[in-house]
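>>> sequence-free structure coming up:
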């Protein structure tokens, strides 16, 4: 099979209409790719794979107590979205994150949304990501989630839904940036006049946002990236972003909190004060004085320094309370409560197992639903009803009955597909999209994001740890006379 043989299937296809014609924003790239013969396509594909390998684009898969670094599978057929549609999505993401930050700030302070009966008290009481250590505190500007990655999916009718929000330590932006560099090297001619919007301003935007958080206004605050270390699954990204921003990559042992509650970095020239920490360490391991006393990854006294206003942390500890998958079910109400607006982006229809009527429906229809626990990630711990066994369904019924607050259920969406190179030719594979939103004094939304693709035929699980890959995402301005690099 080659590109000429590709026909969209029963699902919404990101590049092709149901009649088999390329969508308006994808015409240029589709025409160009079809002009290349099989040998040329194979050469470009091989060049992309080599470029990704040389760049060191890897992720870590854990097997018991060991870890294996793997190259991130990359597909050279991009996902294309028209700029006009993306502008609407971007506005919806900005609205959503604004409301979620207000929600988090309220939860750790007055809890008005609970007192007004919009969100039940036991929802928060049952959240493992609610941090009592953050009660009574509000960071500058009331912003807790400075970096957010919201997962988007498109259904069979073309509707874009928010599948989940990632507000703790969202990852994947480095793959988005490197995918673009790989594509520029493979298809430089396509970026000359195709109206493809740039993504390479992310690192400067990230640095500018982080620098703006400095407790003391200064031209060049000392910003660092705090990593758990080289054995973390996202270490490539930690190192990559530090390098792109021109800041130090540090581990917990490199930092110390002084008697003045300031944070200092150990250097060969002595202690150097740190103003802003972009932390990629989970809350529980961040400060052994405040959280897990056995943690060797964090910095003793870091919470004390943060609450004293001597250092800024992004994302703020406790921000994960809002990316609980059960809290997700209340986001439409959260938006209306804090902003007085209707959501611009819809949630996937969701049944809350803590609700008796919803629970009854889920237990009776579990074979048709996707059941998710509150705090699992990476596609783990969930049940995809139509592909589950009777035994698996019975086990999930037992788990749900034992702890209904911990579960939600959603319909099995017919996720959109995108043409993808697979063994034997080109086939449609399901995709999702993770754009990134930066919140500081100003808000920035990436032009596109990380498109993840399920490389296995029929699979709905796009996570790299379970065999997924990625694509470059092109936001195309069809009205532009020329694209920007």
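The structure has been received and is ready for your questions. Predicted, not measured: the structure shown is a model, and the values here were computed from it. Numbering: from 1, shown residues only.

>>> So what sits opposite residue 430 in the bridge?
Judged by DSSP bridges, the bridge partners of residue 430 are residue 417.

>>> any idea how far residue 15 is from it?
Per C-beta to C-beta, to the nearest Å, residue 430 is found 14 Å from residue 15. Every C-beta, even on glycine, is put in place using the N, C-alpha and C of the backbone.

>>> same deal with residue 151?
Residue 151 is 20 Å from residue 15, by C-beta to C-beta.

>>> can you check residue 293 too?
Taken as C-beta to C-beta, the span from residue 293 to residue 15 is 53 Å.

>>> Give me the more crowded residue out of the two.
Neighbour count, other C-beta atoms under 10 Å: between residue 293 and residue 15, residue 15 has more, with 24 against 9.

>>> For the more buried one, give me the pLDDT.
Residue 15 is assigned 95 on the pLDDT scale.

>>> Not counting residues beside it along the chain, what's closest to it?
residue 26 (4.5 Å; C-beta to C-beta, 6 or more residues apart in numbering).

>>> Please apply the same query to residue 156.
Nearest one to residue 156, counting by C-beta to C-beta, 6+ apart, is residue 414 at 3.9 Å.

>>> Can you give me the neighbour number for that neighbour?
So residue 414, with other C-beta under 10 Å, has 17 neighbours.

>>> Show the backbone phi and psi for it.
phi -90, psi 80 (degrees, to the nearest 10).

>>> wait, it sits on residue 10?
Yes. Judged on C-beta atoms under 8 Å, residue 414 makes contact with residue 10 at a distance of 7.4 Å.

>>> Can you check which residues contact both of these two?
Here residue 414 and residue 10 have residue 156 as joint contacts, going by C-beta atoms under 8 Å, 6 or more residues apart in numbering.

>>> can you pull out the strands in the stretch 1-150 of the chain?
58-63, 66-71, 74-82, 147-154 (DSSP state E, counting those that start in this stretch).

>>> actually the stretch 351-485 of the chain, not the one I typed
Ranges of strands in the stretch 351-485 of the chain, per DSSP E, counting those that start in this stretch, are 351-352, 369-373, 383-384, 407-411, 417-422, 425-434, 436-439, 443-445, 450-454, 468-476.

>>> Tell me which of those strands lies nearest to residue 164.
strand 369-373 (8.4 Å; C-beta to C-beta).

>>> just to revisit the earlier point, mind putting the strands of the stretch 351-485 of the chain in a markdown table, mean neighbour count included?
Converted to a markdown table, the strands of the stretch 351-485 of the chain look like this (neighbours: other C-beta atoms under 10 Å):
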| stretch | mean neighbour count |
| --- | --- |
| strand 351-352 | 21 |
| strand 369-373 | 22 |
| strand 383-384 | 19 |
| strand 407-411 | 23 |
| strand 417-422 | 22 |
| strand 425-434 | 22 |
| strand 436-439 | 24 |
| strand 443-445 | 19 |
| strand 450-454 | 25 |
| strand 468-476 | 26 |
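
>>> how far away is the spatially most central residue of the chain from residue 162?
Closest to where the C-alpha atoms of the chain average out (C-alpha atoms, centre = their mean) is residue 149, at 3.2 Å. According to C-beta to C-beta, residue 149 stands 11 Å off from residue 162.

>>> With residue 278 instead?
24 Å.

>>> between the two, which one's more packed in?
Per other C-beta under 10 Å, whichever of residue 278 and residue 162 has more neighbours is residue 278, with 27 against 21.

>>> On the three-state scheme, the more buried one is what?
Put simply, residue 278 is strand when judged by DSSP: H, G, I helix; E, B strand; the rest coil.

>>> What's the end-to-end length of stretch 178-192?
One end of stretch 178-192 to the other measures 19 Å (C-alpha to C-alpha, to the nearest Å).

>>> likewise stretch 112-132?
Across stretch 112-132, the terminal residues are separated by 17 Å (C-alpha to C-alpha).

>>> List the buried residues for that stretch?
113, 114, 119, 123, 124, 126, 127, 129, 130, 131 (16 or more other C-beta atoms under 10 Å).

>>> Just the ones of these in helices?
Mapping those onto helices (DSSP state H) picks out 113, 114, 123, 124.

>>> Next one: the first one from residue 234, what distance?
Summarising the geometry, the distance separating residue 113 from residue 234, computed by C-beta to C-beta, is 32 Å.

>>> likewise the second one?
Using C-beta to C-beta, we find residue 114 at a distance of 34 Å from residue 234.

>>> returning to that earlier point: what's the residue nearest to the centre of the chain in contact with, if anything?
Taking C-beta under 8 Å, 6+ apart, we find residue 149 in contact with 166, 170, 171, 172, 173, 434, 435, 436, 437, 449.

>>> Next: residue 251.
Residues near residue 251 by C-beta under 8 Å, 6+ apart: 226, 227, 228, 229, 297.

>>> hang on, the earlier thing: how many neighbours does the residue nearest to residue 15 have?
Neighbourhood size, residue 26 [other C-beta under 10 Å]: 27.

>>> can you pull the contacts of it?
Residues in contact with residue 26 (C-beta under 8 Å, 6+ apart) are 14, 15, 16, 80, 476.

>>> Just give me the closest of those residues to residue 332.
The shortest gap between residue 332 and any of the contacts of residue 26 belongs to residue 14, at 25.8 Å (C-beta to C-beta).

>>> Determine the number of other residues adjacent to residue 188.
Neighbourhood size, residue 188 [other C-beta under 10 Å]: 10.

>>> and it, what pLDDT?
pLDDT at residue 188 comes out at 87.
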